[in-house]
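K.L.:
sequence? don't have it. structure:
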């Protein structure tokens, strides 16, 4: 479209990362969620700039997204949130991908996994009540444990319930842990080993208090015409 276009400010992306890092401890990593073409911002350029910012962990939704991303981040960790579906095992091994594991009845062979624990969102994940025992018995290369806040933007009480469940399920297990999404950043106790950020990286704050980021995308168009109309005119 000649008369309508999108501009993405990669300098603002880098400034957002720097602003976010000021609110994290030095031991807390950022996992950059770049699914859906980096939320429509262009995954190749976004990923390269995130690498320049020192981010070494990425998350996408599907295998196809992970394979595309691997061209831009040849060595870094890529977590596929959908997991490894039947028939995808060889591609996961070939591209050195990590699969989310939310169904212990189907364990992919010789593939790195991060175990997803359901702490209350009830979308995907093993129950937090049995997670500790099941993880200890798991015969797999586990590289992390994680969960997902259901309503960290508007329900702090339930968010703290989820965090408490997650900590009980994972205490003293020898794996990195992450549960915080963008809105969860307002809970410092939930930062743990990593925070999993999507919207906030792109300057879209899910809550008013996280106002130290700026949108990196601007959608512009040329005005075709202006009309002056009276009130009530059809």
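P.N.:
Yep, it's here. Nothing here was measured: the structure is a model prediction, and the numbers come from that model.

K.L.:
can you give me the strands for the chain?
P.N.:
Applying DSSP state E to the chain gives strands spanning 4-8, 29-33, 57-60, 77-80, 98-101, 112-118, 126-127, 142-146, 177-178, 194-197, 217-221.

K.L.:
what's in contact with the third one?
P.N.:
Contact partners of strand 57-60, identified using CB atoms under 8 Å, 6 or more residues apart in numbering, comprise 29-35, 47, 50, 66, 69, 73, 76-81, 194, 196. The way it works is simple: take the backbone N, C-alpha and C, and place the C-beta from them, glycine included.

K.L.:
7 Å instead?
P.N.:
29, 31-35, 47, 66, 69, 73, 76-81, 194, 196 (CB atoms under 7 Å, 6 or more residues apart in numbering).

K.L.:
now do the last one
P.N.:
In this structure, residues lying in contact with strand 217-221 by CB under 7 Å, 6+ apart are 3-8, 41, 202.

K.L.:
what residues are up against residue 199?
P.N.:
182, 206.

K.L.:
where are the low-confidence patches of the protein?
P.N.:
The chain contains residues with pLDDT under 70 at 1.

K.L.:
how about the longest helix seen in it: buried residues?
P.N.:
Secondary structure of the chain per DSSP state H: the longest helix is helix 156-170. For helix 156-170, the neighbour count (16 or more other CB atoms under 10 Å) marks 158-159, 162-163, 165-167, 169-170 as buried.

K.L.:
What separation do you get for residue 211 and residue 14?
P.N.:
Counting by CB to CB, to the nearest Å, the gap from residue 211 to residue 14 is 18 Å.

K.L.:
So for those two, which residue has more residues nearby?
P.N.:
Using other CB atoms under 10 Å, the more surrounded residue of residue 211 and residue 14 is residue 14, with 15 against 8.

K.L.:
Verify the contact between residue 37 and residue 46 for me.
P.N.:
No. Contact between residue 37 and residue 46 fails when scored by CB atoms under 7 Å: they sit 8.7 Å apart.

K.L.:
can you list the strands of the chain in TSV and add mean neighbour count?
P.N.:
TSV is the format used below for the strands of the chain (neighbours: other CB atoms under 10 Å):
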stretch	mean neighbour count
strand 4-8	12
strand 29-33	23
strand 57-60	25
strand 77-80	23
strand 98-101	24
strand 112-118	24
strand 126-127	16
strand 142-146	21
strand 177-178	23
strand 194-197	22
strand 217-221	11
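
K.L.:
give the contact list for residue 81.
P.N.:
Residue 81 neighbours (CB under 7 Å, 6+ apart): 59-61, 100.

K.L.:
the helices in this protein, which residues?
P.N.:
Under DSSP H, the chain gives helices at 10-21, 35-40, 43-52, 63-70, 89-94, 128-136, 156-170.

K.L.:
could I get the ones you listed as CSV with distance to residue 220?
P.N.:
Shown next, in CSV, are those (distance: least, CB to CB, whole Å):
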stretch, distance to residue 220
helix 10-21, 15
helix 35-40, 15
helix 43-52, 18
helix 63-70, 27
helix 89-94, 38
helix 128-136, 46
helix 156-170, 37
